[in-house]
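> Task: produce atomic coordinates for the following.
(2 chains)
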Amino acid sequence: MRYQNATAYRFLAPYLLIFSIFWLWPIINSFLISFQATRTVPWRFAPTFNWGRLIGDPAFFNALKNTLLILVIQVPVMITLAIVMAVLLNSPLLKARGLYRFAFFAPVVVGEVAYSAVFRLLFNLDYGIINKLLNSVGLPRIDWFSNVTPAMAVIMIAVTWRWAGYNAIILLAGLQSIPQDVYEAATLDRVSKLKQFFYITLPLLKPIIVFCAVLSIIGTMQLFTEPFLITERGGPGGGTETLGLLLYRQGFRSLNFGYASAIAYTMAGLAIAISLVQLWLTRDPK
Amino acid sequence: MSSRSSSKLGRSIALHLFLTPLALIWLFPLWMMVIFSTMPDRGIFSPSIELLPHGSFLDNVNNLQRGTNFIGAIGISVSVAVTYTFLSVLLTSMAGWALARYQFFGKGVVVAIILGTITLPYAVVLIPQFIMVARDFKLANTWVALIVPPLFNSLGVLFMRQSFSMMPGDLFDAARVEGVKEWRIFLFVALPLARPMLAALAIILFLASWNNYLWPLLINSKPGAMTAPVALGTLIGLTKVSWGGIMAGAVMLTVPMLVVFVLLQRHFVAGIAAGAIK
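Here you go, the predicted model:
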């Protein structure tokens, strides 16, 4: 194939232009901003100003801890649930498949604001239906948003509800690309369905599971809307404040762009580390 | 009846016994969103459990509209999403076409950039993007600010590259022999062939724009310039608008997308699943 530089770059030009202005330059720029004191006019270069503050800031460690806690609990629960959904939706025994698919996939189209509003109302202390249901079966109602643990639980439940079906869609596509004769051969050899799942399905699905896990981790790491709207600005008392929310508060409430950029680059560092783990997990065994 | 078919029946029953409650739990928040949107606030605050629709939807819409110009915000959201979808489909398919069909200097770098940005947190570009658009370009509270920065989209390009590289090359070569220009081959041969993929991509991009929250919240914060999710978000936690009104807004944002989802489920699923298949 001969080189067609001029033609190719004419097609790529608008896309690369947008990339350069709105991504490439900002990526470099936020790195530079993180080394500047931005609350003086003009900004001045102060290499340890933001980073020094970061490593001694209890609010940062609180947000980091909350974010990691959500990650460590919510992502595995959701991915497991998504695998279960995908495998069961793929079962030839399932009737009314379309209805089940709709139930699990519908949250994919629901916007963050709309579902945050609903979850906030569902878990309301006095008139939320969850507490009414708890009461009706004789259990005490829970003050979901005044205590950290239940507030965290609501966020994790909400995020899991919103994204499990999304991951199930990707996993289901992966399942459907596994050739059927592998299962037929296993069935002939009287391998139980459960063993087939653990010894055929899971290993073959592993790259897609890792892909879903990485996308979910990176998504959850930037969690903003749910603690912003459901638990009202990371409440109670910062108990659900995430890195995304801290960045918003520092960058756009306090207009402290330098410090917010340092927080952003911390998130990027975590994301890069996680991507490297993904590459290592899905490497070709030599 | 053989033991095999009876165990099959047993497994089928177990499957449905497990999946049905799970499906009902999953539908519950959406069902309650619709129910709440039809209830007057005294219904929402009453101690009884209400699971069926009432008749106050229009009252709730009026209540919402009095608190914020929600219909106007929906107008902005629709216009922005339509324009964004059109431009983004065009840009990503042009880029995908170049990557799929031409050999050129720096191709590896371009592909590496696109793959690299998939796992890069958006937070890293957010602050400089905001400073640039709001302060340097003075474009805050405009449509341009809502539409142009999100045009960079990596999964879409990979999806279109995949779509174009699966097409038979002879077709394009035949057109080239006839002396048809490259941009005409792209527009009039390749794009029509890619119609199902373009549909899948367009749906996903429309949805992304329709539901986008953080960027529009930051850049278009003036009441008359807000998108619908941002306008709705400002009401949560205040008493300016009743819960019924907020839920009516949530329904107006969600139900049209659910209808589109039901009608075009195949394209939706294809668009989302394509994210994983490289």
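> ok, residue A:251 touching residue B:127?
Yes - using Cβ atoms under 8 Å, residue A:251 is in contact with residue B:127, at 5.3 Å. (C-beta placed from N, C-alpha, C; glycine too.)
> Residues contacting stretch A:77-86, please?
With contact meaning Cβ atoms under 8 Å, 6 or more residues apart in numbering or on different chains, stretch A:77-86 is reached by A:104, A:156, A:159-160, A:163-168, A:171-172, A:174-175, A:205, A:209, A:212-213, A:216, B:22.
> now do 7 Å
The list of residues contacting stretch A:77-86 from outside it, by Cβ atoms under 7 Å, 6 or more residues apart in numbering or on different chains, reads A:104, A:160, A:163-165, A:167-168, A:171-172, A:175, A:209, A:212-213, A:216.
> Next: stretch A:49-57.
With contact meaning Cβ under 7 Å, 6+ apart, stretch A:49-57 is reached by A:34, A:37, A:60, A:258, A:259, A:262, A:266.
> Tell me who's in contact with the first one.
Read it as residue A:34. A:50, A:51, A:258, A:261, A:262, A:265.
> Just send these back as a markdown table, with distance to residue A:126 too.
Shown next, in a markdown table, are the contacts of residue A:34 (distance: Cβ to Cβ, whole Å):
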| residue | distance to residue A:126 |
| --- | --- |
| A:50 | 43 |
| A:51 | 45 |
| A:258 | 43 |
| A:261 | 42 |
| A:262 | 41 |
| A:265 | 43 |
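> among these, which two are most distant?
For the contacts of residue A:34, the farthest-apart pair by Cβ to Cβ is A:258 and A:265; their separation is 11.0 Å.
> who's more crowded, the two?
Between residue A:258 and residue A:265, counted using other Cβ atoms under 10 Å in any protein chain shown, the more crowded position is residue A:258 (26 against 21).
> right, and the secondary structure at the more buried one would be what?
Secondary structure for residue A:258, judged by DSSP: H, G, I helix; E, B strand; the rest coil, is helix.
> For the closest residue to chain B within the stretch 151-286 of chain A, grab phi and psi.
In the stretch 151-286 of chain A, no residue comes nearer to chain B than residue A:173, which is 3.5 Å away by Cβ to the nearest Cβ. Phi and psi for residue A:173, reported as degrees, to the nearest 10, are phi -60, psi -40.
> That one: neighbouring residues, count only.
Residues near residue A:173, counting by other Cβ under 10 Å: 19.
> burial measure for the closest residue to residue B:118 other than its chain neighbours, as a count.
Spatially, and ignoring its direct neighbours in sequence, residue B:118 is nearest to residue B:154 (5.1 Å; Cβ to Cβ, 6 or more residues apart in numbering or on different chains). Per other Cβ under 10 Å, the neighbour tally for residue B:154 reads 20.
> Can you name the residues of the stretch 151-278 of chain B sitting close to chain A?
Proximity of the stretch 151-278 of chain B to chain A (Cβ under 7 Å from any Cβ of the partner chain) is limited to residues B:151-152, B:182, B:207, B:210-211, B:213-214, B:218, B:229, B:232-233, B:236-237, B:243, B:246-247, B:250, B:253-254, B:257-258, B:261-262, B:269, B:272-273, B:275-277.
> Inside helices: which ones of these?
B:182, B:207, B:210-211, B:214, B:218, B:229, B:232-233, B:243, B:246-247, B:250, B:253-254, B:257-258, B:261-262, B:269, B:272-273 (DSSP state H).
> Do I have it right that the residue nearest to residue B:118 meets residue B:114?
Yes - using Cβ atoms under 7 Å, residue B:154 is in contact with residue B:114, at 4.6 Å.
> Tell me who's in contact with the residue nearest the centre of chain B.
The C-alpha lying nearest the average C-alpha coordinate of chain B belongs to residue B:207 (Cα atoms, centre = their mean; 1.7 Å). Residues in contact with residue B:207, defined by Cβ under 7 Å, 6+ apart, are A:109, B:257.
> Per-residue pLDDT of it, please?
Looking at residue B:207, its pLDDT stands at 93.
> now swap in residue B:276 and tell me
Here, the pLDDT recorded for residue B:276 equals 47.
> Would you agree residue B:87 is in contact with residue B:151?
Yes - with contact defined as Cβ under 7 Å, residue B:87 counts as touching residue B:151 (6.1 Å).
> higher neighbour count, the two?
Shown here are residue B:87 and residue B:151; by other Cβ under 10 Å, residue B:151 has more neighbours (20 against 16).
> distance of that one from residue B:84?
7 Å (Cβ to Cβ, to the nearest Å).
> try residue A:189
53 Å.
> and what of residue B:137?
Residue B:137 is 18 Å from residue B:84, where distance means Cβ to Cβ.
> Which one's more surrounded, those two?
residue B:84 (23 against 14).
> For that one, which non-adjacent residue is closest in space?
Using Cβ to Cβ, 6+ apart, the nearest residue to residue B:84 is residue B:209, at 4.4 Å.
> any chance you could map the helices in chain A?
A:5-19, A:25-33, A:49-55, A:58-89, A:97-105, A:112-122, A:129-136, A:148-176, A:180-188, A:193-196, A:202-221, A:225, A:243-248, A:257-281.
> could those be laid out in TSV, adding mean pLDDT?
What follows is the helices of chain A, written out as TSV (pLDDT from 0 to 100):
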stretch	mean pLDDT
helix A:5-19	95
helix A:25-33	94
helix A:49-55	92
helix A:58-89	95
helix A:97-105	94
helix A:112-122	95
helix A:129-136	91
helix A:148-176	95
helix A:180-188	88
helix A:193-196	88
helix A:202-221	90
helix A:225	95
helix A:243-248	96
helix A:257-281	90
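> So, low pLDDT: which residues of the stretch 151-278 of chain B?
B:275-278 (pLDDT under 70).
> hmm, try it at 50
Scanning the stretch 151-278 of chain B for pLDDT under 50 picks out B:276-278.
> Could you work out the most separated pair of the contacts of stretch A:77-86?
Within these, A:160 and A:175 form the most distant pair, 20.4 Å apart (Cβ to Cβ).
> Tell me the spacing between residue A:85 and residue B:31.
19 Å.
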